[in-house]
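S.K.: below is the structure, and that's it, no one-letter string:
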């Protein structure tokens with residue numbers, strides 16, 4: 001083979017590799033707006049002295065995102081809830097709690113969560129979706145407390161401490177990171193893999209391996225597998241669980257935004273009562289979270 005022919009083959013090979021690679025990232029402009037519907041089903045099963053007890057939590061919400069600012073490295077998003085509902089029930093005990101911000105006759109719990117509507121926080125993500133800053137982070141939590149109509153400062157502070165693990169700016173930021181932080185820092189081809197980690201304030205951590213499963217005309221398909229650890233500590237009970245998680249993402253090739261994101265997980269281990277420290281409760285949590293772009 002002549003030198004010229006060898007250079008031609010090399011050029012064609014490098015061109016093919018380049019064409020087969022994509023840079024997965026978010027490409028949004030100032031004032032862009034998008035809406036995601038979140039649906040969560042979580043089932044907690046515990047074996048208490050030989051008796052199985054099951055709690056089912058169902059959550060649904062519509063999240064609104066508006067691009068506030070765009071730079072070459074970051075995207076700043078205002079995030080708000082349009083609706084929020086949650087139901088906790090048990091086959092043995094029936095409905096334990098029901099919240100719906102759209103209910104005609106809201107419960108006391110619903111009144112608190114109605115504080116989510118009309119409030120917004122600001123998150124800053126980099127090109128691959130990692131959240132690097134949270135602004136006005138306690139807006140949700142403060143509006144929820146305000147909606148309860150409590151005047152006593154000590155009572156407000158106590159409720160704030162109870163809400164912080166789930167509704168503080170840090171906690172919400174980590175929750176939103178599950179939606180966005182799925183991309184690699186380098187170009188990838190179909191079949192390539194990359195890794196990252198999530199650690200939440202609620203005690204959930206995952207070590208993720210992602211794979212670019214398909215490159216299509218208008219979409220990318222990405223799958224993820226993860227090892228899951230749940231270590232919680234609250235006033236009533238501690239949990240120590242391990243398990244696995246599966247993620248399936250269909251993303252818009254132009255914007256990088258999720259079209260549909262499904263996360264399923266199973267974790268098993270033990271719970272420990274604060275009252276009876278040596279009393280071990282075998283526990284299993286299965287959950288499915290679905291985000292759909294509206």
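M.R.: Arrived safely, thanks for sending. Keep in mind that this is a model prediction, so the values were computed, not measured.

S.K.: show me the shaky parts of the stretch 151-294 of the chain.
M.R.: Scanning the stretch 151-294 of the chain for pLDDT under 70 picks out 277.

S.K.: what segments of it are helices?
M.R.: Using DSSP state H, counting those that start in this stretch, the helices of the stretch 151-294 of the chain run over residues 153-167, 169-180.

S.K.: identify the residues contacting the last one?
M.R.: Under the contact criterion CB atoms under 8 Å, 6 or more residues apart in numbering, helix 169-180 has outside partners 26, 36, 79, 121, 123, 125, 129-131, 134-140, 164-165, 198-202, 258, 261, 263, 289, 291. For every residue, glycine as well, the C-beta is placed using N, CA and C.

S.K.: same thing with the longest one?
M.R.: The contact list for helix 153-167 (CB under 8 Å, 6+ apart) reads 140-141, 144-145, 148, 150, 171, 201-202, 234.

S.K.: now stretch 229-241
M.R.: With CB under 8 Å, 6+ apart, stretch 229-241 has contacts from 165, 202-206, 228, 242-243, 267-274, 283-285.

S.K.: quick one: that stretch to chain centroid distance?
M.R.: Relative to its parent chain, stretch 229-241 has a centroid offset of 19 Å by CA atoms, centre = their mean, to the nearest Å.

S.K.: and if you look at stretch 235-242?
M.R.: 20 Å.

S.K.: what residues sit buried inside that stretch?
M.R.: The neighbour-count check on stretch 235-242 (16 or more other CB atoms under 10 Å) flags 239-241 as buried.

S.K.: could you dump these into TSV and include distance to residue 84?
M.R.: Putting these into TSV (distance: CB to CB, whole Å) gives the following:
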residue	distance to residue 84
239	25
240	30
241	26
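
S.K.: now, which of those residues lie within strands?
M.R.: Judged by DSSP state E, strands contain the following of these: 239-241.

S.K.: given the helix or strand where residue 54 lies, what are its sheet partners and their directions?
M.R.: If you go by DSSP states H and E, residue 54 is part of strand 51-70. Strand 51-70 pairs in its sheet with strand 33-48 (antiparallel), strand 74-90 (antiparallel), by DSSP bridges.

S.K.: go through those strands and pick out the most buried.
M.R.: Of these, the one with the most neighbours on average (mean count of other CB atoms under 10 Å) is strand 74-90, at a mean of 18.

S.K.: moving C-terminal from that strand, which element do we reach first?
M.R.: Immediately after strand 74-90, counting by DSSP H and E, sits strand 94-100.

S.K.: could you list the buried residues of that following strand?
M.R.: By neighbour count with 16+ other CB under 10 Å, strand 94-100 contains the buried residues 98-100.

S.K.: partners of it in the sheet?
M.R.: Assessed with DSSP bridges, strand 94-100 is paired to strand 74-90 (antiparallel).

S.K.: coming back round to it: out of the contacts of stretch 229-241, which are inside strands?
M.R.: Reading strands off the contacts of stretch 229-241 with DSSP E, I get 204-206, 228, 242-243, 267-273, 283-285.

S.K.: closest to residue 21 out of the strands paired with strand 51-70?
M.R.: Smallest distance to residue 21 across the strands paired with strand 51-70 (CB to CB): 22.6 Å, for strand 74-90.

S.K.: pLDDT (mean, whole number) over the closest one?
M.R.: Taken as a whole, strand 74-90 carries a mean pLDDT of 96.

S.K.: stretch 108-119 too?
M.R.: Stretch 108-119 comes out at a mean pLDDT of 86.

S.K.: only the buried residues of it, if you could.
M.R.: 110-117, 119.

S.K.: which residues sit in contact with the closest residue to residue 53 other than its chain neighbours?
M.R.: Spatial nearest neighbour of residue 53, excluding adjacent residues (CB to CB, 6 or more residues apart in numbering): residue 46 at 5.1 Å. Neighbouring residues of residue 46 by CB under 8 Å, 6+ apart: 52-54, 271, 281-284.

S.K.: measure residue 46 to residue 105 for me?
M.R.: Taking CB to CB, to the nearest Å as the measure, residue 46 falls 33 Å from residue 105.

S.K.: and residue 117, by the same measure?
M.R.: From residue 117 to residue 105 the distance is 17 Å (CB to CB).

S.K.: who's in contact with residue 43?
M.R.: For residue 43, counting by CB under 8 Å, 6+ apart, the contacting residues are 54-57, 285-287.
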